[in-house]
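**Student:** Kindly generate the corresponding structure for this input.
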Amino acid sequence: MKTVNPAREDLSAILAKIPKNVPICMLNLLSFRARALYADHGIDCTGKEAYSLYLAMAVQKVTEVGGALVYSGQAFGSIIGPKDERWDEVLLVRYPSIAAFSAMLRMPDYQAAAVHRTAAVEDARLIATVEN
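**Tutor:** Predicted structure coming up:
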């Protein structure tokens, strides 16, 4: 099943489970649309280009809350996984806490930039992790 944005209730449930005062790392798996799908922004670009618009603002906001983009790389294929799943890019983003991640999600500039992510992404996974 393709997914782009979390359901609000799913996001709240996951965020509530994560320990409050420990660093978290978000694993992002991204598959881009060939052409970005904007509702009314009049922007004509590829999904990858639209995601770049989002990522420029997102990285600024991640930094503002004390986090960092740890890794960004091109995906070439799954060695283990469903054959029909295809990812274009993988990102790891570290936050000092789940509260920092939540604060970023509430920032108006971040929310405004998220339109580019939605237009860009065909399918995604966002997996919250904490170190063992």
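
**Student:** Any stretches of this protein with poor pLDDT?
**Tutor:** Flagging of the chain using pLDDT under 70 yields the residue ranges 1-2, 4-7, 41.

**Student:** What helices and strands are in contact with the top helix by length along the chain?
**Tutor:** Longest helix in the chain by number of residues, with DSSP state H as the criterion: helix 47-64. Here helix 47-64 touches strand 24-32, strand 68-74, strand 89-95, helix 98-106, helix 108-120, strand 121-129, going by 3 or more CB pairs under 8 Å, 6 or more residues apart in numbering; DSSP states H and E. C-beta here means a position set from N, CA and C on the backbone, and glycine is covered the same way.

**Student:** Can you name every helix or strand that the second one contacts?
**Tutor:** Yep, that's strand 68-74 we're talking about. With 3+ CB pairs under 8 Å, 6+ apart as the test, strand 68-74 has helix 47-64, strand 89-95 packed against it.

**Student:** Save those as TSV, and put in distance to Gly77 too.
**Tutor:** Below are the helices and strands packed on strand 68-74 laid out as TSV (distance: least, CB to CB, whole Å):
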stretch	distance to Gly77
helix 47-64	17
strand 89-95	12
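
**Student:** Pick out the residue closest to the middle of the chain.
**Tutor:** In the chain, the residue lying closest to the centroid (CA atoms, centre = their mean) is Asn28, at 5.4 Å.

**Student:** gap between that one and Asp44?
**Tutor:** 25 Å (CB to CB, to the nearest Å).

**Student:** and what of Ala68?
**Tutor:** Per CB to CB, Ala68 is found 32 Å from Asp44.

**Student:** Which one of the two is surrounded by more residues?
**Tutor:** Legend: neighbour count by other CB atoms under 10 Å for Ala68 and Asp44, higher for Ala68 (13 against 10).
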